[in-house]
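Trainee: sequence first, predicted model second:
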Amino acid sequence: MLSVSLSEHLCHLIGIRTEQITTANYPAFTLCSLNIESDSYDVVVSDQVLEHVHCNPQEAIDEILRVLKPGGFAINTTCFLTPFHGEPVYGAEGAGDYWRFSCHGLRYLHRRYSRIIAADGWGNPFMGVVNALGLTRMPVPDETWHPLHKLATHNRDSYHYVVWIVAQK
């Protein structure tokens, strides 16, 4: 499986073992042109990368489709209601913050895939405060009474903080 631009954390969350992961990190690789042989991978994962591609986003999605084996899966996450984060970040796909996508937009970009397995989002109006306080990378407390547990598990469909799609070639 192929992990694009530091997406290994998501790979591990979905059960992919480290030895099964091939990394394609920016700047040696870019979703705009992966420079990888066609039909090479069963799974391609990009976690919070699409907002940083410096090409037409359709080109990036089509590039993932190209390197997937027939029947392979694309798993892409990206931010929606996230503050601008355009400063250079090590490993990020470019230095800019160019795009925002709803789950409808992700479905549209993946329209050439044979099927969409899931396209959705998660968030709530309080995520701006959580982000401003630097709490988005903290583990969610297990105790249901804890305020951070309540914030982290509360979802409001009209406030997608992040969106994702799982599509099959």
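Mentor: Here it is on my side, so go on.
Trainee: buried residues, the longest strand anywhere in the chain. List them.
Mentor: For the chain, the strand that runs over the most residues, judged by DSSP state E, is strand 68-79. Residues of strand 68-79 classed as buried under the neighbour-count rule (16 or more other C-beta atoms under 10 Å) are 68, 72-79. Glycine gets a C-beta too; all of them are placed from N, C-alpha and C.
Trainee: which strands or helices does that strand pack on?
Mentor: For strand 68-79, the elements it packs on are strand 41-47, helix 57-67, strand 162-168, judged by 3 or more C-beta pairs under 8 Å, 6 or more residues apart in numbering; DSSP states H and E.
Trainee: will you turn the ones you listed into TSV that also has mean neighbour count?
Mentor: Listed next are the helices and strands packed on strand 68-79 as TSV, based on neighbours: other C-beta atoms under 10 Å:
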stretch	mean neighbour count
strand 41-47	23
helix 57-67	19
strand 162-168	21
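Trainee: Pro83: which of these is closest?
Mentor: Among the helices and strands packed on strand 68-79, the nearest to Pro83 by C-beta to C-beta is strand 162-168 (12.8 Å).
Trainee: partners of the closest one in the sheet?
Mentor: According to DSSP bridges, strand 162-168 forms sheet pairs with strand 68-79 (antiparallel), strand 115-122 (antiparallel).
Trainee: of all those strands, which one is nearest Met1?
Mentor: strand 68-79 (8.9 Å).
Trainee: average pLDDT for that closest one?
Mentor: The pLDDT scores in strand 68-79 average 97.
Trainee: quick one: it to helix 57-67, angle?
Mentor: Put simply, strand 68-79 runs at 140 degrees to helix 57-67, going by axes from the mean of the first three to the mean of the last three C-alpha atoms, to 10 degrees.
Trainee: does anything pack onto the lowest-mean-pLDDT helix or strand in the chain? Which helices or strands?
Mentor: Sorting the helices and strands of the chain by mean pLDDT, DSSP states H and E puts helix 127-132 at the bottom, at a mean of 72. Contacts defined by 3+ C-beta pairs under 8 Å, 6+ apart place helix 127-132 against helix 147-153.
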